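S.K.: the following comprises the amino acid sequence and a computationally predicted model.
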Amino acid sequence: MVVLGGEAIVAEGLAKLYPGGVWGVRGVSFTSGYGELVTLLGPNGSGKTTTINMLATLIKPTSGRALVGGFDVVREAWSVRRIVAVMPQDGRPDLNWTPMEAVKWYLVARGFSVATADREARVWLERLGLWDVRGRSGWELSGGQRKRVLAAMVLATGAPVLFLDEPTSDVDVEGKYSIWSSIREAVREGRSVLYTTHDMREAERIADRVVMVKEGRVVAVGAPGRLIESLPFNYKMVVSGNASCSSRTALVELGGTRILYFKGRSEALACLAEMEGVTATVEPVSLEDAYIYHTILGGGVG
């Protein structure tokens, strides 16, 4: 596998205006290096998939500029396509093929020899826990197994830049861990991975860096730990109903649940002591709270 020099991904003010005046992305800027896993986080409709599709040359940006492996995604689209592999959000392998056939012949279609494709298919099917079902028809596989087959197809390419759009959705716990482990192995090989998810714990667990987007714009960038450390509060209390107290730093209401934020654990426990007949939990903040702070609270407290 050849790893190119410089930044793997450079996005500068990327924007996409769809017919009817709907903005998919309004100005996204970030970079990603080789040997790095960057996760895009944002609400539904915030522009994550549109960003990946522009970087993967599946759609053209309306404005802005992007380089993948040093190649311009508009002027040098074919050069970009030779060095990337994409796992689409709603993609699935051909169900008439077995996992072995799906991975092997996908690699042959990308230019691998049959012998090399056979070898790489075995490596990645084993890593993703699919070797025992390698000969089963795709129709016999569960939804999660089909998702892992698709991940094996993409990871086996050895492409220096990988775009993975919600690769673990509908995958069980065991399957998620095998996908995470395989993706981290690809990163250790020096590849660049751009990854979308709605699972904050997943992002906190596997991402080297997080790019948070809201309404098509980047609102925060940083390593998960740094984003958590930068919050103006350290603890939260999750309660149902209208419970509150004056010592809180911030409050968010989500689907009938209140999240109260506090600078310290003592303030949170003092608030809890004031409440009678209320079931609540007090715990340290996480990446989910950094996400709430930047995408719902707008980077402020109140």
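M.R.: Here it is on my side, so go on. Residues are numbered from 1 along each chain as shown.

S.K.: what bridges to the residue nearest the centre of the chain?
M.R.: The residue lying closest to the centre of the chain (C-alpha atoms, centre = their mean) is residue 196, at 2.2 Å. Beta bridges link residue 196 to residue 40, residue 165, judged by DSSP bridges.

S.K.: and residue 252, by the same measure?
M.R.: Beta-bridge pairing for residue 252 (DSSP bridges): residue 259.

S.K.: how near is residue 173 to residue 45?
M.R.: Residue 173 is 28 Å from residue 45, where distance means C-beta to C-beta, to the nearest Å. C-beta: built from backbone N, CA, C; applies to glycine.

S.K.: more neighbours: which of these two?
M.R.: Higher neighbour count among residue 173 and residue 45: residue 45, with 13 against 9, using other C-beta atoms under 10 Å.

S.K.: ok so the more buried one is a helix residue?
M.R.: No - counting by DSSP: H, G, I helix; E, B strand; the rest coil, residue 45 is not part of a helix but coil.

S.K.: so which residues of the stretch 151-300 of the chain form helices?
M.R.: 173-188, 200-206, 224-229, 265-274, 287-295 (DSSP state H, counting those that start in this stretch).

S.K.: quick check: buried residues in the longest one?
M.R.: Going by neighbour count (16 or more other C-beta atoms under 10 Å), the buried part of helix 173-188 is 175, 176, 178, 179, 180, 182, 183, 186, 187.

S.K.: packing partners of that helix?
M.R.: With contacts taken as 3 or more C-beta pairs under 8 Å, 6 or more residues apart in numbering; DSSP states H and E, helix 173-188 sits against strand 36-41, helix 114-127, helix 143-155, strand 161-165, strand 192-196, helix 200-206.

S.K.: any chance of the ones you listed in JSON lines, plus distance to residue 79 and mean pLDDT?
M.R.: Formatted as JSON lines, the helices and strands packed on helix 173-188 follow (distance: least, C-beta to C-beta, whole Å; pLDDT from 0 to 100):
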{"stretch": "strand 36-41", "distance to residue 79": "21", "mean pLDDT": "96"}
{"stretch": "helix 114-127", "distance to residue 79": "22", "mean pLDDT": "96"}
{"stretch": "helix 143-155", "distance to residue 79": "19", "mean pLDDT": "93"}
{"stretch": "strand 161-165", "distance to residue 79": "12", "mean pLDDT": "96"}
{"stretch": "strand 192-196", "distance to residue 79": "16", "mean pLDDT": "95"}
{"stretch": "helix 200-206", "distance to residue 79": "29", "mean pLDDT": "93"}
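
S.K.: which one, of those, ends up nearest to residue 262?
M.R.: Residue 262 lies closest, by C-beta to C-beta, to one member of the helices and strands packed on helix 173-188: helix 200-206, at 19.6 Å.

S.K.: only the buried residues of that closest one, if you could.
M.R.: Within helix 200-206, the residues scored as buried using 16+ other C-beta under 10 Å are 200, 202, 203, 204, 206.

S.K.: then stretch 281-291?
M.R.: Under 16+ other C-beta under 10 Å, the buried positions of stretch 281-291 are 282, 285, 286, 287, 288, 289, 290, 291.
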